[in-house]
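Enquirer: Mind folding the following:
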Amino acid sequence: MNDNNDPRPDRAVPGDFDDNDIPTYAPQADADRTPAAEVPRDTVYDRAGRAAPQSVGAGTEDSATAVFPAAGHSPEPRSTQPEQGYADADFATAQPTTTMPVMTGAAAPVQQAPSQVAPVETGYPEEPVEQEEPDAKRGTMDFGLFLIRIVFGAALILHSVSVFFRLGNGGGISGLEEQFSGYDLAGILAIAVPGVELAAGVLLVLGLVTPLAAALATVSTAFLALHQINISDTSVNPVEWSDGIRFGALMTVIAVGLQLTGPGRVSLDFGRSWARRPLWSSIVFALIGIGCAIGLWWLVTGGDNPFNG
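Expert: Okay, the predicted model is just below:
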């Protein structure tokens with residue numbers, strides 16, 4: 001058979017090479033090794049100059065891999081004496097030791113803080129139950145306020161309607177403008193004053209938004225009272241006042257009074273707080289109404305004193 005038909009490719013046939021075909025490696029001899037001439041070359045690894053494979057075993061007996069000794073070799077006996085370790089004191093410099101004196105005598109009493117027992121809360125604290133206060137007996141107060149509101153509001157509506165529609169002997173808007181001829185902005189006053197009276201009268205009759213309605217009524221009635229005082233040429237003494245001045249002052253007091261008392265429960269404001277129990281804000285609204293009337297008088301007259309004519 002031809003050697004080229006060898007089914008083992010790339011493999012060396014023992015009879016196809018000699019010792020000269022493979023380069024050899026001769027290790028250098030040293031003091032601890034065998035001379036290179038005495039090194040046997042029985043294997044392919046020796047001829048190629050490579051080390052033969054060796055088994056690697058564990059270094060300690062606790063390792064999971066055990067190393068078995070080769071045949072014909074007996075393991076070296078391990079020393080039965082315990083290995084001596086080292087301590088930090090072996091490397092430290094010698095230092096003088098100091099002996100602490102021993103304290104003799106009775107031990108100091110230990111003071112204990114008095115134990116305080118915290119009260120244990122059981123359950124959730126009880127929430128205070130709000131008790132509804134029974135409504136105070138108002139008697140006929142609500143009905144009386146209703147009558148005052150109806151009469152006062154009707155009077156304001158009647159006066160404003162007589163001006164706008166020229167009813168009676170008043171002369172209408174032109175007649176009121178003639179009365180205001182001595183003031184600035186007489187034409188505007190002839191329309192604004194009855195218009196404020198109409199709005200305030202309707203709201204007071206219905207008992208709706210009473211604080212605002214009473215404030216508007218205070219402005220119109222107070223200005224008309226100052227006008228009556230001015231055209232009557234009277235003094236500050238109330239005894240000398242004419243009926244027109246007294247009527248204007250009475251209407252102003254009623255407007256302020258309704259501001260402080262509220263409309264009562266016989267009104268559209270029955271669910272409001274000012275209908276049952278007016279607060280201090282009613283005084284603020286009353287002062288605003290009076291202040292607006294004085295400011296309007298100052299604007300149209302230039303600050304003239306109404307009692308001097």
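Enquirer: only C-alpha atoms for contact and neighbour calcs from this point on.
Expert: Noted.
Enquirer: residues contacting residue 222?
Expert: By CA atoms under 8 Å, 6 or more residues apart in numbering, the contact set of residue 222 is 248, 249, 252, 290, 293.
Enquirer: name the element it belongs to?
Expert: Counting by DSSP states H and E, the secondary-structure element that holds residue 222 is helix 210-232.
Enquirer: hang on, residue 149 packs against residue 264?
Expert: No: applying CA atoms under 8 Å as the test, residue 149 and residue 264 come out as separate, 9.5 Å apart.
Enquirer: all helices of the stretch 151-300 of the chain, in order?
Expert: For the stretch 151-300 of the chain, the helices defined by DSSP state H, counting those that start in this stretch occupy 172-179, 186-206, 210-232, 243-261, 273-276, 281-301.
Enquirer: Quick one, grab the pLDDT at residue 304.
Expert: Per-residue pLDDT puts residue 304 at 87.
Enquirer: what does residue 89 give?
Expert: The predicted structure lists residue 89 with a pLDDT of 52.
Enquirer: same check, this time on residue 8
Expert: Here, the pLDDT recorded for residue 8 equals 54.
Enquirer: next one: residue 109
Expert: 59.
Enquirer: and if you look at residue 272?
Expert: On the pLDDT scale, residue 272 is placed at 88.
Enquirer: hey, which of the helices of the stretch 151-300 of the chain is tucked in deepest?
Expert: Mean neighbours per residue, mean count of other CA atoms under 10 Å, is largest over the helices of the stretch 151-300 of the chain for helix 210-232, with a mean of 24.
Enquirer: How about residue 251: what's its closest non-neighbour residue?
Expert: residue 221 (6.1 Å; CA to CA, 6 or more residues apart in numbering).
Enquirer: how much space between residue 294 and residue 306?
Expert: The span separating residue 294 from residue 306 equals 11 Å under the rule CA to CA, to the nearest Å.
Enquirer: which stretches of the protein have low pLDDT?
Expert: Across the chain, the stretches falling below the confidence threshold (pLDDT under 70) are 1-49, 51-136, 309.
Enquirer: Give the single residue among the contacts of residue 222 positioned nearest to residue 163.
Expert: For the contacts of residue 222, the residue nearest residue 163 by CA to CA is residue 248; the value is 16.7 Å.
Enquirer: thought residue 213 was touching residue 200?
Expert: Yes: checked against CA under 8 Å, the pair residue 213 and residue 200 is within contact range at 4.6 Å.
Enquirer: which ones are touching the residue lying closest to residue 240 once chain neighbours are set aside?
Expert: In space, and not counting its chain neighbours, residue 240 is closest to residue 234: 6.8 Å by CA to CA, 6+ apart. If you count contacts by CA under 8 Å, 6+ apart, residue 234 has them with 240, 241, 307, 308, 309.
Enquirer: Can you dump the C-alpha atoms of the helix holding residue 222 in CSV for me?
Expert: These are the backbone C-alpha positions of helix 210-232, laid out as CSV (Å, rounded to 0.1, in the frame of the first residue of the first chain):
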residue,chain,number,x,y,z
THR,A,210,-81.1,93.4,52.6
PRO,A,211,-77.6,94.9,53.6
LEU,A,212,-77.1,96.3,50.1
ALA,A,213,-80.7,97.5,49.9
ALA,A,214,-80.6,99.2,53.2
ALA,A,215,-77.3,100.9,52.3
LEU,A,216,-78.8,102.3,49.1
ALA,A,217,-81.9,103.5,50.9
THR,A,218,-79.6,105.3,53.4
VAL,A,219,-77.8,107.1,50.7
SER,A,220,-81.0,108.4,49.0
THR,A,221,-82.9,109.3,52.2
ALA,A,222,-80.0,111.0,53.8
PHE,A,223,-79.3,113.1,50.7
LEU,A,224,-83.0,114.2,50.5
ALA,A,225,-83.0,115.1,54.2
LEU,A,226,-79.9,117.3,53.7
HIS,A,227,-81.7,118.9,50.7
GLN,A,228,-84.8,119.7,52.8
ILE,A,229,-82.6,121.2,55.5
ASN,A,230,-80.8,123.3,52.9
ILE,A,231,-83.9,124.7,51.1
SER,A,232,-85.8,125.3,54.4
